[in-house]
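Undergrad: Mind looking at a prediction? Sequence and model below.
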Amino acid sequence: MSRLLGKRALVTAGAQGIGLAISRHLLQAGCDVFVHYRSSAEAARALASEAAALGRRAGCANADLTETREGERLVREAVAFLGGLDLLINNAGSLIARRSLAEADDAFWEETLSLNLGSLRRITRAAVPHLAEAARTRGGAAIVNLSSLAGRKGGHAGSLAYATSKGAVLTFTRALSSELGPQGIRVNALAPGLILGTSFHNTHTTPESALATVAGIPLGRAGNADDVARAAVFLAGEFDGFITGATLDINGGVYCA
């Protein structure tokens, strides 16, 4: 029997790409899931029928996570639908655009950091009381933050602001694990490398760049959304385990911490 059976999970940006794969894998593992979306309303709502086929429940809501009140509303709606919260998957984020240091003005830096780090902080802050309650009454709770290989290595040209924000996610994860550990909440991160088939790389990575990157991957292939989702489910399943403050790298061997 899955250790996640009956757990209640909130997944931000959970209706497309990596987030959608994570939502589906959590449902398959026995979770009830509440999905945040911005533009993927149809896919988010379609998860309800997928969940029902598995004997689970899935809800969804739109929210702008760069706004504190919107993030707080999302958490309230998730908790009301799920009846509490055991797991938080912070997946929302984007490169936005490739800009060098000279091209990236203050507004661009603020937008990038607000989306990739600020939204994660806002949602986590709103969710922690509910996660702490689950840890007290249901045997544990867990947070999984999505970072990036760019946060480890610095990223490709034009990703300075994005890489900085994703590096900050790794530091946030380590620091928060110390703060929330006494409450029984484990906090870990994922750092995916080249994950093709997602809107991120469809938008920001050329076929030539992808081929060049794959040539340097020891496993000889790019990753896919399911590679990341399986890792997310593993860390989520450690809600009562001994892994916290860790980053799991998913890059085919390009970077080994």
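TA: Right, received. Where do you want to start? Residues are numbered from 1 along each chain as shown.
Undergrad: residues contacting the spatially most central residue of the chain?
TA: By CA atoms, centre = their mean, the chain has its centre lying nearest to N91, at 2.2 Å. Going by CB atoms under 8 Å, 6 or more residues apart in numbering, N91 touches 11-14, 18-19, 22, 146. In short, each C-beta sits where N, CA and C put it, glycine included.
Undergrad: out of those residues, which is most surrounded?
TA: V11 (33 neighbours; other CB atoms under 10 Å).
Undergrad: So what's the residue count around the nearest residue to it once chain neighbours are set aside?
TA: With CB to CB, 6 or more residues apart in numbering as the criterion, V11 has its nearest non-adjacent residue at 4.4 Å, and that residue is I89. For I89, the neighbour count with other CB under 10 Å is 31.
Undergrad: which element is I89 on?
TA: I89 is located in strand 87-90, with elements delineated by DSSP states H and E.
Undergrad: Then I217?
TA: Going by DSSP H and E, I217 is not in any helix or strand.
Undergrad: Likewise for L74?
TA: Under the criterion of DSSP H and E, L74 resides in helix 68-82.
Undergrad: Packing partners of that helix?
TA: strand 8-11, strand 32-37, strand 58-62, helix 119-138 (3 or more CB pairs under 8 Å, 6 or more residues apart in numbering; DSSP states H and E).
Undergrad: who does the helix or strand following the longest one pair up with?
TA: Proceeding N to C from helix 119-138, the next assigned helix or strand is strand 141-146, under DSSP H and E. With DSSP bridges as the test, strand 141-146 is paired with strand 87-90 (parallel), strand 185-192 (parallel).
Undergrad: Of these, flag the one that's most buried.
TA: strand 87-90 (a mean of 30; mean count of other CB atoms under 10 Å).
Undergrad: Now do that one: everything it contacts.
TA: Residues outside strand 87-90 that contact it (CB under 8 Å, 6+ apart): 4, 7-12, 14, 19, 22, 26, 31, 119-120, 123-124, 127, 131, 141-146, 232, 236, 239.
Undergrad: so how far does stretch 145-154 reach from one end to the other?
TA: This stretch, stretch 145-154, spans 18 Å end to end (CA to CA, to the nearest Å).
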